[in-house]
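Asker: Mind folding the following:
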Amino acid sequence: MFSELVQFEAHFEVWTLIIGVAAIGVYTLRVLQPLALKAGYEPIGRAQKVWFVSALLLMWVVSDWPVHEIAESRLYFVHMLQHLALSMVIPGMFLLSLPVWLFELFFDPEKKVWRVIQKASSPLVAGLAFNLLTVLLHASWLVQLSADSGVVHFALHLIIF
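Answerer: Numbering: from 1, shown residues only. Okay, here's the model as predicted:
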């Protein structure tokens, strides 16, 4: 009955993304973590694993059937809940899943990139950037382009993330 109301549609791009992120998680656990342990870092904790899996599952739920179809064809409110989850909830969940050593692998506190990230993530700069991006992504021409192209739509959701 429900499937008659919201017709099933396969989203291979979403499945590919979810499988890819899961594979990165497995690689981190199996390959990178042993190297970090040898360097004296703490292992990935249970809470970090729970945050990672929860973020991955939530990203899948809000991006795939039936939520995607409801958001696109029935309820704009659900579409905005998708954006809220993809821009504000899921990224934070992934950040909470990061062990210190993995973060330091990408962002060395001694490098210039670290200082740029610190400035860009200040509340004023981040808030302005987020709101500017939100306004831009809801410009009528971009919304129409997104509605006409599945690739553009998926890319915009990645940008929101």
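Asker: how near is Val152 to Leu133?
Answerer: According to Cβ to Cβ, to the nearest Å, Val152 stands 15 Å off from Leu133. Heads up, the C-betas are built off the backbone N, CA and C, glycines and all.
Asker: Sorry, slip of the keys, the one I care about is Leu145.
Answerer: Separation of Leu145 from Leu133 (Cβ to Cβ): 16 Å.
Asker: Test for you: state the pLDDT assigned to Arg46.
Answerer: For Arg46, the pLDDT comes out at 97.
Asker: next one: Val143
Answerer: On pLDDT, Val143 comes in at 88.
Asker: What is the neighbour count of it?
Answerer: Here the count is done by other Cβ atoms under 10 Å, and Val143 has 13 residues near it.
Asker: Could you find the closest non-adjacent residue to it?
Answerer: Excluding the flanking residues, the one nearest Val143 by Cβ to Cβ, 6 or more residues apart in numbering is Leu137, at 8.0 Å.
Asker: for that neighbour, what are its contacts?
Answerer: Leu137 makes contact with Val143, Leu156, Ile159, Ile160, according to Cβ atoms under 8 Å, 6 or more residues apart in numbering.
Asker: Just give me the closest of the residues you listed to Val116.
Answerer: Closest approach between the contacts of Leu137 and Val116, by Cβ to Cβ: Ile159, at 19.2 Å.
Asker: Please identify the buried residues of the strand or helix carrying the closest one?
Answerer: Per DSSP states H and E: Ile159 is located in helix 150-160. Of the residues in helix 150-160, those buried under the neighbour-count criterion (16 or more other Cβ atoms under 10 Å) are His153, Phe154, Leu156, His157, Ile160.
Asker: nearest to Leu84, of these?
Answerer: Ile160 (9.6 Å).
Asker: Surely that closest one is in contact with Leu84?
Answerer: No: here Ile160 does not reach Leu84: they are 9.6 Å apart, not a contact under Cβ atoms under 8 Å.
Asker: and the helix or strand harbouring Val62, what other elements does it pack with?
Answerer: For Val62, the host element (DSSP H and E) is helix 46-63. Packing contacts for helix 46-63, counted by 3 or more Cβ pairs under 8 Å, 6 or more residues apart in numbering; DSSP states H and E, involve helix 12-27, helix 76-84, helix 90-97.
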